[in-house]
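*Asks:* kindly return the folded structure for what I paste below:
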Amino acid sequence: MSDIVPDYDQSPPIGEDDVVSAAPGIDIWDAWPVQQRDGKPVTLPDGAEIWMALAAPHFPNPDERHGHARIHLFRREDHGWHHLGPAMPDGFSPGSREWSGSAVHDPHDDSITLYFTAAGRRGEAETSFEQRMFSAKATLTPAGHCESWRDLKEVVAIDRLHYMPTTEGGAIGTIKAFRDPFYFRDPASGAHYLYFAGSQAGSASAFNGVIGIATAAPDRPDDWRTQPPSLSADGLNNELERPHVVIHGGLYYLFWSTQRHVFDPAGPTGPTGLYGAVSERPDGGWRMLNGSGLVFANPASSPAQAYSWMVLPDLSVTSFIDNWGTGPDRRFGGCFAPFLHLALNQDRALLENGRAKG
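*Replies:* Prediction:
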């Protein structure tokens, strides 16, 4: 077994002072801001940002959280995070759980459109790993609450020619993907894109992760058409999670997160970290950043300390604290990790020294 790259950039170690609960009695993980169509976080009248994150009650075994996940709202303020509770009302989501997505704000009527993953089906007798992608609209209040949820609909139906269904069994790390819709508007063409984590249909490998894509015309933002995968790790890696795109220096940068244990052990393998690619267009032609695709990894002394990175347009990077520390006991953080910051130059991506301000 060999690493994709033997030497790589590593994030600073997370310490005790970094582990700050987002709210009493709950753990959080995948997070994203409500964004403008240009990708920048929305700022409320009082200067706070409104964020969403997956959350669940605290369990002694943190893996149990995945079966109870719901999307919660948070205000990001100068002094930290303020919990606002579940984003959507009870019984509104069509799944037994709510998994990751993205949200975009329309300033004309202060509405938001949430794109999210419905995992399982509401009322199912046995928890399943079926994944469907939906959108729903709500009205964003000046305080950051979401009211009057409406227009729930499945936005991207699975295309079995290109994407493997998720209705079969599995376990965390081995299940197949059709999830994590991320909205992006191309400023050059005005076209709309949804990037998502998928699994290659018809693959001979158990490690068949891809980044899928759906597109919509500039004047028809709700008319999504599924396209073939935009990037493939077929034969290498099972999960390219939470893909998203930012523009920098006139180039399109596609980022995703993955973990060491979802690489094919026959190799080559890579560490748990943020990976990325770059192109002159938003729908393909991707070149791996730094040659291997690895942007940065957790430190070797704490290889699972953080996960689910998201790069914002200002190149700050958010994530959550996962299994941190260097001792023998597992310590799950379940809270927002300190922000990091990238430097991008053409096909190179580096983690700047220190952490992002704010």
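*Asks:* what residue lies at the spatial centre of the chain?
*Replies:* residue 242 (3.0 Å; CA atoms, centre = their mean).
*Asks:* quick one: that one is in a strand?
*Replies:* Yes - assigned with DSSP: H, G, I helix; E, B strand; the rest coil, residue 242 falls within a strand.
*Asks:* against residue 211, how distant is it?
*Replies:* In this view, residue 242 and residue 211 are 10 Å apart by CB to CB, to the nearest Å. (C-beta placed from N, C-alpha, C; glycine too.)
*Asks:* same check, this time on residue 58
*Replies:* Taking CB to CB, one finds residue 58 at 32 Å from residue 211.
*Asks:* which one's more surrounded, these two?
*Replies:* residue 211 (25 against 15; other CB atoms under 10 Å).
*Asks:* hang on, the more buried one is in a helix, isn't it?
*Replies:* No - judged by three-state DSSP, residue 211 forms no part of a helix; its state is strand.
*Asks:* surely it touches residue 197?
*Replies:* Yes - judged on CB atoms under 8 Å, residue 211 makes contact with residue 197 at a distance of 6.8 Å.
*Asks:* any common contacting residues for the two?
*Replies:* Common neighbours of residue 211 and residue 197, using CB atoms under 8 Å, 6 or more residues apart in numbering, are 240, 243, 256.
*Asks:* quick one: contacts for the first one?
*Replies:* Contact criterion CB under 8 Å, 6+ apart gives 177, 197, 209, 210, 211, 231, 233, 256, 258, 275 as the residues in contact with residue 240.
*Asks:* picking that back up, skip the chain neighbours and tell me the closest residue to the residue nearest to the centre of the chain.
*Replies:* residue 180 (4.8 Å; CB to CB, 6 or more residues apart in numbering).
*Asks:* distance of the one you found from residue 150?
*Replies:* 23 Å.
*Asks:* so which of these two has more stuff around it?
*Replies:* Using other CB under 10 Å as the criterion, residue 180 and residue 150 rank with residue 180 on top: 32 against 10.
*Asks:* doesn't that one lie inside a strand?
*Replies:* Yes - the assignment for residue 180 (three-state DSSP) places it in a strand.
*Asks:* low-confidence ranges, this structure, go.
*Replies:* Across the chain, the ranges flagged by pLDDT under 70 are 1-2, 169-172, 353-358.
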